[in-house]
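please work out how this folds:
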Amino acid sequence: MNNRKLAILCAAALALGTPALAQTSGPTTDDMMTSSNTAPIAKKANPDGFTQQEIIDAAGNFFGKTSGSVGQAVERVFQDQGSPVGYIRGDEYAAAIGVGVRYGQGTLVMKDGQERKIFWQGPSIGLDTGGNASKVFTLVYNLENPDGIYRRYPGVEGAAFFIAGIAVTYQRAEGVTLAPMRTGIGFRAGVNAGYTAYSKRRRALPF
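Here you go, the predicted model:
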């Protein structure tokens, strides 16, 4: 799905979704709601995970950036979380005017070679404004089964850090930590306190 279609979905969801945020739907077979909103727990050593250089090479090729600029962001995440067992590469479109929406799609790649098609979407409430189309490279931690990725991950994206043109955030649910790294066009500002739901199929509404 290209950015034009993603933008149309965002506009439709913004028009329809504001009242729905008060009555967010419950868990589905593809994703499960979690109330965890604490900071991610670092896992410093993982012999079965990707090495830092492997992630730098994969992210650099995906973003089309030099290994030096990508390496700064990757190094920071490795310092915080250690070696990931997988990563997601994909594209997304997000927009917000107080209430925001986010849509994306990509591929989950595990260290053992398994891959899964994945979609994500979600609302956010906070002091956000603007829109952006982004490439997203997400590091995945503590995921034993790739099918376990399909659930909701809360996070406070206003706590993101920005290094060498790459914005990094953390999300966590049921012991699994995700570290999305984004680069793209547009502008988002403020505190974004929503969730992102990862699913097997595309959904028209993020709620």
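
which stretches in this protein count as helices?
For the chain, applying DSSP state H gives helices covering 3-17, 52-63, 67-81.

packing partners of the second one?
Secondary structure elements in contact with helix 52-63, counted by 3 or more Cβ pairs under 8 Å, 6 or more residues apart in numbering; DSSP states H and E, are helix 67-81, strand 86-110, strand 115-141. From N, CA and C alone the C-beta is placed, and that goes for glycine too.

which one of the ones you listed lies closest to residue 170?
With Cβ to Cβ as the measure, helix 67-81 is the member of the helices and strands packed on helix 52-63 nearest residue 170 (7.8 Å).

and residue 108, what are its bridge partners?
Under DSSP bridges, the beta-bridge partners of residue 108 are residue 88, residue 116.

number the residues from 39 up from this point.
Happy to do that; since the first residue is 39 now, the last one works out to residue 146.

how close does it sit to residue 124?
Separation of residue 146 from residue 124 (Cβ to Cβ, to the nearest Å): 6 Å.

overlap of the contact sets of those two?
Listed as contacting both residue 146 and residue 124 by Cβ atoms under 8 Å, 6 or more residues apart in numbering are 178, 184.

low pLDDT regions in this protein?
Along the chain, the parts satisfying pLDDT under 70 run over 39-83, 135-136, 162-168, 194-197, 223-232, 242-245.

run the last query once more with 90
Across the chain, the ranges flagged by pLDDT under 90 are 39-86, 103-107, 131-140, 160-172, 192-207, 220-233, 240-245.

format the helices and strands packed on helix 90-101 as TSV; extra columns: distance to residue 187 and mean neighbour count.
Listed next are the helices and strands packed on helix 90-101 as TSV, based on distance: least, Cβ to Cβ, whole Å; neighbours: other Cβ atoms under 10 Å:
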stretch	distance to residue 187	mean neighbour count
helix 105-119	16	19
strand 124-148	6	21
strand 153-179	7	21
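
for residue 206, give me its contacts.
Under the criterion of Cβ under 8 Å, 6+ apart, the contact partners of residue 206 comprise 111, 114-115, 198-200, 217-220.

if you go by neighbour count, which of those are buried?
Among the contacts of residue 206, the ones that count as buried by 16 or more other Cβ atoms under 10 Å are 111, 114-115, 198, 217-220.
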